[in-house]
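J.: need a structure here:
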Amino acid sequence: MFVQNLNAEQQSALLAASQLLIASDGDVSEEEQVMLNTLASQCELGVEAAGNFEILHLKDMFNTQTEKSSFMLELIGMAFADADYHETEQSFIFAASEAMELAPDMLADMESWVKTQLELSNSVTKFMGE
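T.: Coordinates of the predicted model:
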């Protein structure tokens with residue numbers, strides 16, 4: 001949804017971070033894999049996960065609030081993909097937000113927003129007759 005706000009280097013970091021995030025709880029679910037594939041399909045042609053990704057480098061890669069927010073919202077969405085926001089995923093998200101120097105209340109607002117969007121998306125099935 002927000003991948004277009006990121007350049008190729010940032011998209012590569014997002015893919016790498018997403019891979020690490022979904023593996024952090026020891027179980028990559030089918031929902032997480034589908035979400036990762038969808039995210040990859042939204043990236044610029046030829047963008048692949050960065051092989052040398054480190055959370056600490058996020059601060060140097062993202063300069064604007066739009067870039068930081070876009071990265072974090074996508075990453076949080078990935079964490080919620082399987083409806084299990086595991087504590088290891090929460091820790092990973094928190095570390096990324098700290099590296100980007102986002103305020104804790106901003107992170108909480110982002111998590112809340114993503115959760116609400118997913119709930120709304122899931123509730124739309126009643127309109128579809130499912």
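
J.: got the contact list for the residue most central in space within the chain?
T.: Nearest to the centroid of the C-alpha atoms of the chain, with distances taken as C-alpha atoms, centre = their mean, sits residue 75, at 1.0 Å. Neighbour list for residue 75: 14, 17-18, 21, 93, 96 [criterion: C-beta atoms under 8 Å, 6 or more residues apart in numbering]. Placement of C-beta: from N, CA and C, glycine included.

J.: With pLDDT and distance to residue 121 added, can I get those in a markdown table?
T.: What follows is the contacts of residue 75, written out as a markdown table (pLDDT from 0 to 100; distance: C-beta to C-beta, whole Å):
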| residue | pLDDT | distance to residue 121 |
| --- | --- | --- |
| 14 | 97 | 20 |
| 17 | 96 | 22 |
| 18 | 96 | 18 |
| 21 | 95 | 20 |
| 93 | 97 | 20 |
| 96 | 97 | 23 |
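
J.: ranking those residues by neighbours, who comes first?
T.: When neighbours are counted by other C-beta atoms under 10 Å, residue 14 leads the contacts of residue 75 with 28 neighbours.

J.: Who are the contact partners of it?
T.: 3, 6, 39, 43, 71, 74-75.

J.: Inside helices: which ones of those?
T.: 39, 71, 74-75 (DSSP state H).

J.: Let me have these in JSON lines, extended by pLDDT and distance to residue 59.
T.: Below are the ones in helices among the contacts of residue 14 laid out as JSON lines (pLDDT from 0 to 100; distance: C-beta to C-beta, whole Å):
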{"residue": "39", "pLDDT": "95", "distance to residue 59": "22"}
{"residue": "71", "pLDDT": "97", "distance to residue 59": "12"}
{"residue": "74", "pLDDT": "96", "distance to residue 59": "18"}
{"residue": "75", "pLDDT": "96", "distance to residue 59": "15"}
